[in-house]
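Visitor: any chance you could fold what I've pasted below:
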Amino acid sequence: MAANDSLRAGAAEVDITPATCVHRGGDSARLRPGEQVLDPLYARALVVEQADGETLHRVCLLSLDLCTPGDEISDEIRSAVASRFGFDRRAVMFHLTQNHSAPSLGTHQLLRPDSPYAREEIWWSYQGDPTYADFLKPRIMQVVERAVANLQPVCIGIGGMADSRVAFNRRFIMRDGWVQTQARDRSAVLCSEGPVDPEVGVACFRNRDGQVIAALLHHTAHPVSCFGENWVTASWPGAWASRFRATAGEACIPLIINGACGNINARDNLNPAHQASDEQIGQWLTDTAAQVMESMTWSDGDKVGFASHTITFPFEPIEKTLGRDAIDHARKVIEAEPEPRWANDAHTAVDIEWLFALYTLDLERRTKHGTYDYEVQALRIGDLSVVGLTGEPFVEGQLDIKRQSPAGRTFIAHMCNGWIGYIPPEQGHRAKNFNFRTPAGHPVRRGANLFMLPPDALARIVDASVSQVRQLFRG
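Guide: Prediction:
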């Protein structure tokens, strides 16, 4: 099908590779400046518009090769893009691929700079590098400006195919009844706790000359393959974008949409031999995406729209999540050692038990009476819906949204517009969760085992997401 004037799209990319001295996110227990750049990081923008009489429907999707977005900086960036380029703020989706070999933005929800428990000497444990945010903001304006300038008539092709080679559930029910994330002792594993989403989703935008000028590429897994190295890299999303462009054509700007991977990794904990490189993952996903494109049908995609709904959640009291014993233990740790318990002589890493105790006490203080405004955002582009979710929902929620969605394809983008931690289904919330135990036997529930929203949060997020998509596809 040839492109016509009913749908226009423009895309662009801008290099956002940080200086190697910039702190990278994804591990709050240590300062993580990069020492070597393996491949560049990009901010990519897709702008789509459709005219309906005198009304112009417009959406803007940003995908960045970064780690986590703070709430305040996300709001600032979305508002700035909307104001400068004439978008409704709710039509601007700000998505980070959660790349653990790149900087984070803004403030971490587990501990905030204004907390009485904050320590200036460990600023990197609760916020992104502020020097990087100053570097990034003008480049986001630049990439949207270029995307708007590149607007042209297009048609859209949408499809998907399952591929089991990349994504693995990283939470395991252990034989003692506890749930461990990234279990180290395979002899103690009973089974995986949950499913994965194997879909490789592809939406391509083709111009009148037959060129694919942009693509949305959807898969679901944590980009942590280089987590232990001091490298700056775009991880598997970057490798996929690079290889897909080589297949689709150099005119193509590929935006990666990473799904609800709170409990999903791009590595198999039960099979140490299956640790694919980013390059291998990128090639697998490109091969599958190419198969999708072979059978893709094209349309003029004559509907563009957006919807947004905010749910006000009470914070889940941390005592319910962790238990009184864990809070009492945290208090004893900090009372005995109020200053950082350093894990190295350079004072660039702190003991995780001490840091988790600090988080626990601050969350006990903050979650007693506080609330959190959680935005569910949905975009429609033809027969495609893109649902933007804050934080790190578990994949069970994503699968529920896709199953109930009226759209031809639904891509879920997690880590959108802010961060509120992990959001499991109720059975995961109720489980006795931990990452590892201290030498004294105390369970440490860092990261993927610490939940700040109430047990029914994911179910309510799913209901709101489906409602927003149905609103966009009504009639």
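Visitor: please make it C-alpha for all contacts and neighbour counts, starting now.
Guide: Will do.
Visitor: and the strands in the stretch 151-300 of the chain?
Guide: 152-162, 168-169, 171-174, 179-181, 189-192, 199-207, 212-219, 231-232, 253-258, 264-265, 298-299 (DSSP state E, counting those that start in this stretch).
Visitor: packing partners for the third one?
Guide: What it means is strand 171-174. If contacts are counted by 3 or more CA pairs under 8 Å, 6 or more residues apart in numbering; DSSP states H and E, strand 171-174 sits against strand 179-181, strand 189-192.
Visitor: so what strands line up beside that strand?
Guide: strand 179-181 (antiparallel), strand 189-192 (antiparallel) (DSSP bridges).
Visitor: and the strands of the stretch 151-300 of the chain: which comes nearest Glu339?
Guide: Ranking those by distance to Glu339, with CA to CA as the measure, places strand 179-181 first at 28.5 Å.
Visitor: gap between the residue most central in space within the chain and Ala162?
Guide: The centroid of the chain falls nearest to Met415 when counting by CA atoms, centre = their mean (3.1 Å). Met415 sits 23 Å away from Ala162, going by CA to CA, to the nearest Å.
Visitor: as TSV, the strands paired with strand 171-174 with mean pLDDT and distance to Arg324 would be great.
Guide: Compiled in TSV, the strands paired with strand 171-174 are given as follows (pLDDT from 0 to 100; distance: least, CA to CA, whole Å):
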stretch	mean pLDDT	distance to Arg324
strand 179-181	92	19
strand 189-192	96	27
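Visitor: buried deepest among these, which one?
Guide: Most buried of the strands paired with strand 171-174, by mean neighbour count (mean count of other CA atoms under 10 Å): strand 179-181, with a mean of 24.
Visitor: which outside residues touch it?
Guide: 170-174, 193, 431-436, 448-449 (CA atoms under 8 Å, 6 or more residues apart in numbering).
Visitor: go on, stretch 117-135?
Guide: Taking CA under 8 Å, 6+ apart as the rule, stretch 117-135 contacts 18, 22-25, 27-31, 103-113, 358, 361-362.
Visitor: bridged to the residue nearest to Ile253 when sequence neighbours are not counted, which residues?
Guide: Leaving aside its chain neighbours, Ile253 sits nearest to Ala214 (4.5 Å; criterion: CA to CA, 6 or more residues apart in numbering). For Ala214, the beta-bridge partners under DSSP bridges are Phe205, Ile253.
Visitor: tell me which residues in the host helix or strand of Asp134 are buried?
Guide: For Asp134, the host element (DSSP states H and E) is helix 130-149. Residues 130, 132, 136, 139-148 are the ones in helix 130-149 that count as buried (16 or more other CA atoms under 10 Å).
Visitor: dump those residues to a markdown table, plus pLDDT and distance to Ala246.
Guide: Shown next, in a markdown table, are the buried residues of helix 130-149 (pLDDT from 0 to 100; distance: CA to CA, whole Å):
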| residue | pLDDT | distance to Ala246 |
| --- | --- | --- |
| Pro130 | 91 | 35 |
| Tyr132 | 95 | 30 |
| Leu136 | 97 | 27 |
| Arg139 | 98 | 25 |
| Ile140 | 98 | 25 |
| Met141 | 98 | 27 |
| Gln142 | 98 | 24 |
| Val143 | 98 | 21 |
| Val144 | 98 | 23 |
| Glu145 | 98 | 25 |
| Arg146 | 98 | 21 |
| Ala147 | 98 | 20 |
| Val148 | 98 | 24 |
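Visitor: with those residues in mind, which one is nearest to Ala440?
Guide: Pro130 (36.8 Å).
Visitor: separation between the closest one and Pro272?
Guide: Separation of Pro130 from Pro272 (CA to CA): 37 Å.
Visitor: which secondary structure element of this structure has the lowest mean pLDDT?
Guide: Sorting the helices and strands of the chain by mean pLDDT, DSSP states H and E puts strand 436-437 at the bottom, at a mean of 75.
Visitor: tally of neighbours for Glu294?
Guide: Using other CA atoms under 10 Å, Glu294 has 9 neighbouring residues.
Visitor: please apply the same query to Glu335.
Guide: Neighbours of Glu335 (other CA under 10 Å): 10.
Visitor: how close does it get to Ala440?
Guide: Counting by CA to CA - Glu335 and Ala440 are separated by 18 Å.
Visitor: same question for Arg366.
Guide: Distance of Arg366 to Ala440, given as CA to CA: 28 Å.
Visitor: who's more crowded, those two?
Guide: Taking neighbours as other CA under 10 Å, Arg366 and Ala440 compare with Arg366 leading, 18 against 6.
Visitor: and that one, how far from Ala215?
Guide: In terms of CA to CA, Arg366 sits 41 Å off from Ala215.
Visitor: repeat for Lys332
Guide: For Lys332, the distance to Ala215 - CA to CA - is 53 Å.
Visitor: give me the more crowded residue out of these two.
Guide: Under the criterion of other CA under 10 Å, the comparison of Lys332 against Ala215 puts Ala215 first, with 25 against 13.
Visitor: ok, the more buried one - contacts?
Guide: 202-205, 252-255.
Visitor: pLDDT, neighbour count and distance to Ala118 for the residues you listed - can I get that in TSV?
Guide: Listed next are the contacts of Ala215 as TSV, based on pLDDT from 0 to 100; neighbours: other CA atoms under 10 Å; distance: CA to CA, whole Å:
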residue	pLDDT	neighbour count	distance to Ala118
Val202	98	27	43
Ala203	98	26	44
Cys204	98	24	46
Phe205	98	30	47
Cys252	98	22	45
Ile253	98	26	41
Pro254	98	31	39
Leu255	98	31	36
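Visitor: related to what we said a few turns ago, quick check on the contacts of stretch 117-135: which are buried?
Guide: With neighbours counted by 16+ other CA under 10 Å, the contacts of stretch 117-135 contain buried members at 18, 22-25, 27-31, 103-112, 358, 361-362.
Visitor: in helices, which of these fall?
Guide: The members of these that map onto helices under DSSP state H are 358, 361-362.
Visitor: so the closest residue to Cys67 other than its chain neighbours, which state does it fall into?
Guide: The shortest distance from Cys67 to any non-neighbouring residue, by CA to CA, 6+ apart, is to Gln98 (3.8 Å). Of the three states, Gln98 takes coil under DSSP: H, G, I helix; E, B strand; the rest coil.
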